[in-house]
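J.: My questions are about this predicted structure, shown below with the sequence.
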Amino acid sequence: MALPAALRRARFPDPVLDVLRTLGAAGHRSWVVGGAVRDLLLERERAGADFDLATPATPQEVMALFRKVIPTGIDHGTVTVITPDKHKVEVTTFRGEGAYLDGRRPASVTFHTDLEADLARRDFTVNAMAFDPLAGELADPFGGRADLVARVIRAVGEPADRFGEDGLRPLRAVRFAGELGFALHPDTRAAVRGVLPVVRKVSMERVGEELSRIAAAPHVDEALALLADTGLLEVVLPPLAALPPADLGHLGATAATMSAEPEAPERRLAALLHLLPAPEVEALLTALRFPRRTAAEAAALVARHECLREVHPEDPTTPAAVRRWLAGHGPERAPALLALRDAEARVAPAALQREAAEEAGRLRARVDEALASGAPLTTAQLAVDGRALMGSLGLPPGPHVGEGLRALLDEALDDPSVNTPERLVELARGWWAARPL
């Protein structure tokens, strides 16, 4: 079989090739395996030296061949080679697996020298390929390359067996479909409902990790529909499973339109969950073990978007109203709120789409103008701080200082020209004198 052009063009980091050469020179022909081969065939970019290797050498034999090796998962055959130039290359011994008793990990593993048997234990055919870049040979015993061409995710062997071994695999199938824009093979898809009890055994943290990647996937709308159709949604996101199909479609379409930024996952999560009450969003993400900041920020975006939806289409129009809108929601959240508003406009019904887009555009222009003006939107942007306020008025420390700053910000939101030390102190004196005892 001719080597695919994508693999002929592929370039591998020198540390990966060096490790392969060292293993090969010792009589252990080794292979690049898993997602790396899939992505090379699809010509998707891979960051750095992120290439996993599989080898017939035992962990002890691998450790004896290299100067520095970390036994990262030695019980399961995995060690990490640290190359002289400090790159990390993960190497795993060909292995077989015993029974899966907890729906997540095998009770035992055995090491062997059979590449095909090693690939047979993997989840999906597109991940069960191996490539030897030194010899230029692709090993594809289960038809992964054909499934890439057909754009399907298909379990290796019997789907119910693969899913019954590891309850995370059905979610991974949906995630790969969302990331690649693939369909689930009919047999693979049909097997999901029968293993939902196994999915329930998976830790919330692992489920949350998969959901985070699904939310960031280019085809998150299709992935959400798959979660619903297979019954997975009832297990991993029960509040969404209770929504009408039209609302679920709206959430998926909005999330797919919203840009996914790895450094700001709360944006996509807010888009995916924004029809739920904000407290429910935070509780749900917290239960799924998302970082506290991510859960709180996604909920804050949903809460503020709820406010935005309530006043829509009567968006703030005057400069003072826009400044108050920004101050109330937090100027740092404006980009995410506007992006969510834009995303909803793009998925509005066709008859309303133009009007929704124009309204969203007008709000964005007003917000951009307010932000560019330099007008204070937080107490930290006032020309006086708490220390200056206490010094000018002879006040002791206490909660009244923050109260006074908020009163000054209220004045400055209406008229930014008052944001000078002299004028703010003058206003503060009036506020203090009129303050009820």
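T.: Happy to help now that I have it.
J.: Which residue ranges of the stretch 1-150 of the chain form strands?
T.: Here the stretch 1-150 of the chain has its strands, by DSSP state E, counting those that start in this stretch, at 31-33, 52-55, 69-73, 78-82, 88-93, 95-97, 109-111, 130-132, 137-139.
J.: Now tabulate these in a markdown table and tack on mean neighbour count.
T.: Where you see a C-beta, it was placed from the backbone N, CA and C, and this is true even at glycine. As requested, these are arranged in a markdown table below (neighbours: other Cβ atoms under 10 Å):
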| stretch | mean neighbour count |
| --- | --- |
| strand 31-33 | 25 |
| strand 52-55 | 22 |
| strand 69-73 | 14 |
| strand 78-82 | 20 |
| strand 88-93 | 22 |
| strand 95-97 | 16 |
| strand 109-111 | 15 |
| strand 130-132 | 21 |
| strand 137-139 | 18 |
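J.: Compare these and report which one is nearest to A380.
T.: Nearest to A380, of all the strands of the stretch 1-150 of the chain, is strand 88-93, at 41.9 Å by Cβ to Cβ.
J.: what's the angle between that closest one and strand 69-73?
T.: 60 degrees (axes from the mean of the first three to the mean of the last three Cα atoms, to 10 degrees).
J.: and the angle for strand 88-93 with strand 78-82?
T.: Interaxial angle, strand 88-93 versus strand 78-82 (the same axes, to 10 degrees): 150 degrees.
J.: what are the pairing partners of strand 88-93, and which direction each?
T.: strand 52-55 (parallel), strand 78-82 (antiparallel) (DSSP bridges).
J.: so can I have TSV of the ones you listed showing mean pLDDT and distance to A135?
T.: TSV is the format used below for the strands paired with strand 88-93 (pLDDT from 0 to 100; distance: least, Cβ to Cβ, whole Å):
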stretch	mean pLDDT	distance to A135
strand 52-55	96	14
strand 78-82	96	20
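J.: For A128, find the nearest of those.
T.: Nearest of the strands paired with strand 88-93 (Cβ to Cβ): strand 52-55, 11.0 Å.
J.: List the contacts of that closest one.
T.: Contacts to strand 52-55, defined as Cβ atoms under 8 Å, 6 or more residues apart in numbering, come from residues 16, 19-20, 23, 28, 30-36, 62, 89-94, 115, 118, 130.
J.: Quick check: next helix or strand after the lowest-mean-pLDDT helix or strand in the chain?
T.: Across the helices and strands of the chain, mean confidence by mean pLDDT, DSSP states H and E is lowest for helix 292-311: a mean of 81. Next helix or strand after helix 292-311 toward the C-terminus (DSSP states H and E): helix 319-329.
J.: Can you check what angle separates that following helix from helix 292-311?
T.: Using the same axes, to 10 degrees: helix 319-329 against helix 292-311 is 140 degrees.
J.: in helix 319-329, what counts as buried?
T.: 319, 321-327, 329 (16 or more other Cβ atoms under 10 Å).
J.: Put together CSV for the residues you listed, with pLDDT and distance to L134 on each row.
T.: Output for the buried residues of helix 319-329, formatted as CSV (pLDDT from 0 to 100; distance: Cβ to Cβ, whole Å):
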residue, pLDDT, distance to L134
P319, 92, 66
A321, 91, 67
V322, 92, 62
R323, 94, 64
R324, 93, 66
W325, 89, 61
L326, 91, 59
A327, 93, 62
H329, 86, 57
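J.: Run the chain-centre distance for stretch 333-348.
T.: Its chain's C-alpha centre and that of stretch 333-348 lie 18 Å apart, by Cα atoms, centre = their mean, to the nearest Å.
J.: then that stretch to CSV, C-alphas only?
T.: Extracted C-alpha coordinates of stretch 333-348, given in CSV (Å, rounded to 0.1, in the frame of the first residue of the first chain):
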residue,chain,number,x,y,z
ARG,A,333,-17.0,41.6,30.8
ALA,A,334,-18.1,43.8,28.0
PRO,A,335,-16.2,41.9,25.2
ALA,A,336,-17.7,38.6,26.3
LEU,A,337,-21.2,40.0,26.7
LEU,A,338,-21.0,41.7,23.3
ALA,A,339,-19.7,38.5,21.7
LEU,A,340,-22.6,36.5,23.2
ARG,A,341,-25.0,39.2,21.9
ASP,A,342,-23.4,39.0,18.4
ALA,A,343,-23.6,35.2,18.5
GLU,A,344,-27.3,35.2,19.3
ALA,A,345,-27.9,37.8,16.5
ARG,A,346,-26.3,35.5,14.0
VAL,A,347,-28.5,32.6,14.9
ALA,A,348,-31.7,34.6,15.2
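J.: Can you list the residue ranges for helices in the stretch 51-200 of the chain?
T.: For the stretch 51-200 of the chain, the helices defined by DSSP state H, counting those that start in this stretch occupy 59-65, 115-120, 144-150, 159-165, 169-180, 186-190, 196-199.
J.: Oops, could you answer that again for the stretch 201-350 of the chain instead?
T.: Using DSSP H, counting those that start in this stretch, helices in the stretch 201-350 of the chain cover 204-215, 220-230, 232-236, 238-241, 245-257, 265-273, 278-287, 292-311, 319-329, 334-346, 350-373.
J.: to the chain's geometric centre, what's the distance from the least confident helix or strand of the chain?
T.: That offset, for helix 292-311, works out to 18 Å (Cα atoms, centre = their mean).
J.: Please enumerate residues in contact with it?
T.: Under Cβ under 8 Å, 6+ apart, the answer for helix 292-311 is 265-267, 269-270, 273-274, 276-279, 281-282, 285-286, 290, 315, 328-330, 333, 336-337, 340-341.
J.: What subset of the residues you listed is buried?
T.: Looks like those have 265-267, 269-270, 273-274, 276, 278, 281-282, 285-286, 290, 315, 329, 333, 336-337, 340-341 buried, using 16+ other Cβ under 10 Å.
J.: measure L424 to L211 for me?
T.: Look at L424 and L211: by Cβ to Cβ, to the nearest Å, they are 47 Å apart.
J.: Give me the below-cutoff pLDDT ranges for this protein.
T.: Residues of the chain that meet the criterion pLDDT under 70 lie in 1, 46-49, 98-108, 307-314, 437.
J.: domain assignment for it?
T.: 5-144, 152-311, 379-434 (automatic domain parsing).
J.: Which of these has the highest mean neighbour count?
T.: Among these, domain 152-311 has the highest mean neighbour count (mean count of other Cβ atoms under 10 Å), at a mean of 20.
J.: rewinding a little: quick one: the least confident helix or strand of the chain to helix 265-273, angle?
T.: Using the same axes, to 10 degrees: helix 292-311 against helix 265-273 is 50 degrees.
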